[in-house]
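Novice: coords please:
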Amino acid sequence: MNVADNRLRQQEEILALEAIFGEHAVDRCEGTCEMFILHAPLDALEAQVDVRFYLPETYPSDSPPTFEWIGARDVTADLKTNKPGFIYPSRQLVLSHEMRHAARDELCRAWREDMCKDVVIYSWIGWLAEYLSGQWPLPLDPIPLPKDGDAKPFNKNACQAQSSNATSSSTHDLENRNNAGRNCVSSIFTGQTFEMKKSIFVAHVARVATAEDVVRVRDTLMEDKRIAQATHNILAYRIRLDSESISQDNDDDGETAAGKRLGHLLQLLGAENIMVVVTRWYGGTHLGPDRFKLINNAARQALTASGYLMPTKNNAIQKTSTQK
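Specialist: Residues are numbered from 1 along each chain as shown. Here you go, the predicted structure:
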């Protein structure tokens with residue numbers, strides 16, 4: 001079979017893939033007929049695989065096609081049946097070295113068994129769907145978004161029952177400095193949700209008096225499944241010590257430089273004895289620098305709405321200057 005015959009068979013194969021998977025499933029690389037990207041749905045897995053194929057002029061007569069694995073995408077988050085007010089976590093599949101070799105070997109095997117006479121990409125996709133069914137993570141349960149103004153109140157009576165030394169007039173248990181009070185957590189205020197390109201940001205605010213309080217509040221938040229499964233939980237706090245110095249720290253939780261920026265916001269606002277955790281659920285699209293604006297906006301809104309920011313003269317001046 002000559003080159004012209006091979007190219008004709010390749011074009012017929014691409015047209016067949018478009019007919020089977022839909023015209024948008026094939027991205028033809030402009031200026032070449034030897035390469036295209038296939039977005040193949042795996043309906044049983046509620047997923048889609050993206051593969052770049054290279055078709056040599058000797059395919060299918062004398063050599064198989066080659067491929068480059070681009071990725072696998074969970075499509076459950078795109079379903080129109082999804083209810084508003086919920087996060088639908090995306091499953092991630094990373095193709096291991098062994099899985100890549102298995103996929104490559106199967107493509108070559110299918111071509112050889114067809115005696116090098118037929119195109120094999122469609123049959124290979126069918127094999128891939130069955131093969132990945134044993135590797136693909138199970139669907140994750142939807143996670144309800146926090147409601148604006150939702151707070152986690154502490155049980156004041158339970159805290160007091162732990163020790164007769166607990167201060168009954170305390171409004172926030174984290175301010176109790178006796179050992180019994182260390183087992184309690186003050187109310188955690190959850191602010192308004194901010195959304196951009198399916199990424200969701202929401203801030204949580206609590207009063208803290210020591211670094212141990214920070215750990216306790218964070219651990220309490222992590223008991224919430226929807227927060228624990230978030231992509232990032234960015235943290236910053238500022239505490240005024242008895243020596244009148246300020247203890248402060250932050251944690252990016254994988255969102256590079258976000259913790260430092262959040263801590264800088266607390267400094268600008270003059271916030272003291274406060275910690276903020278901004279939870280982000282990644283929506284699948286990179287936001288670039290806009291993500292930092294959303295993190296700060298979520299934190300600022302929660303600090304203001306919760307009433308934790310006292311309207312002192314100094315704070316009011318600083319807030320005005322940052323809002324310009």
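Novice: all contacts plus neighbour counts: C-alpha atoms, from now on.
Specialist: Fine.
Novice: Tell me which stretches of the stretch 201-324 of the chain form helices.
Specialist: Ranges of helices within the stretch 201-324 of the chain are 211-222, 225-228, 258-269, 290-306, 313-323, based on DSSP state H, counting those that start in this stretch.
Novice: Mean pLDDT, mean neighbour count and distance to residue 131 added to those helices, as JSON lines?
Specialist: Below are these laid out as JSON lines (pLDDT from 0 to 100; neighbours: other CA atoms under 10 Å; distance: least, CA to CA, whole Å):
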{"stretch": "helix 211-222", "mean pLDDT": "91", "mean neighbour count": "17", "distance to residue 131": "35"}
{"stretch": "helix 225-228", "mean pLDDT": "88", "mean neighbour count": "16", "distance to residue 131": "31"}
{"stretch": "helix 258-269", "mean pLDDT": "91", "mean neighbour count": "20", "distance to residue 131": "39"}
{"stretch": "helix 290-306", "mean pLDDT": "90", "mean neighbour count": "20", "distance to residue 131": "37"}
{"stretch": "helix 313-323", "mean pLDDT": "39", "mean neighbour count": "12", "distance to residue 131": "54"}
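Novice: now these in JSON lines, with distance to residue 123?
Specialist: Below are the helices of the stretch 201-324 of the chain laid out as JSON lines (distance: least, CA to CA, whole Å):
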{"stretch": "helix 211-222", "distance to residue 123": "45"}
{"stretch": "helix 225-228", "distance to residue 123": "40"}
{"stretch": "helix 258-269", "distance to residue 123": "46"}
{"stretch": "helix 290-306", "distance to residue 123": "42"}
{"stretch": "helix 313-323", "distance to residue 123": "59"}
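Novice: out of the ones you listed, which comes closest to residue 71?
Specialist: When those are compared for distance to residue 71 using CA to CA, the nearest one is helix 290-306, at 24.1 Å.
Novice: in the stretch 151-300 of the chain, what spans have low per-residue confidence?
Specialist: 151-186 (pLDDT under 70).
Novice: any chance you could map the strands in it?
Specialist: For the stretch 151-300 of the chain, the strands defined by DSSP state E, counting those that start in this stretch cover 151-152, 188-190, 194-196, 199-207, 232-240, 246-251, 274-281.
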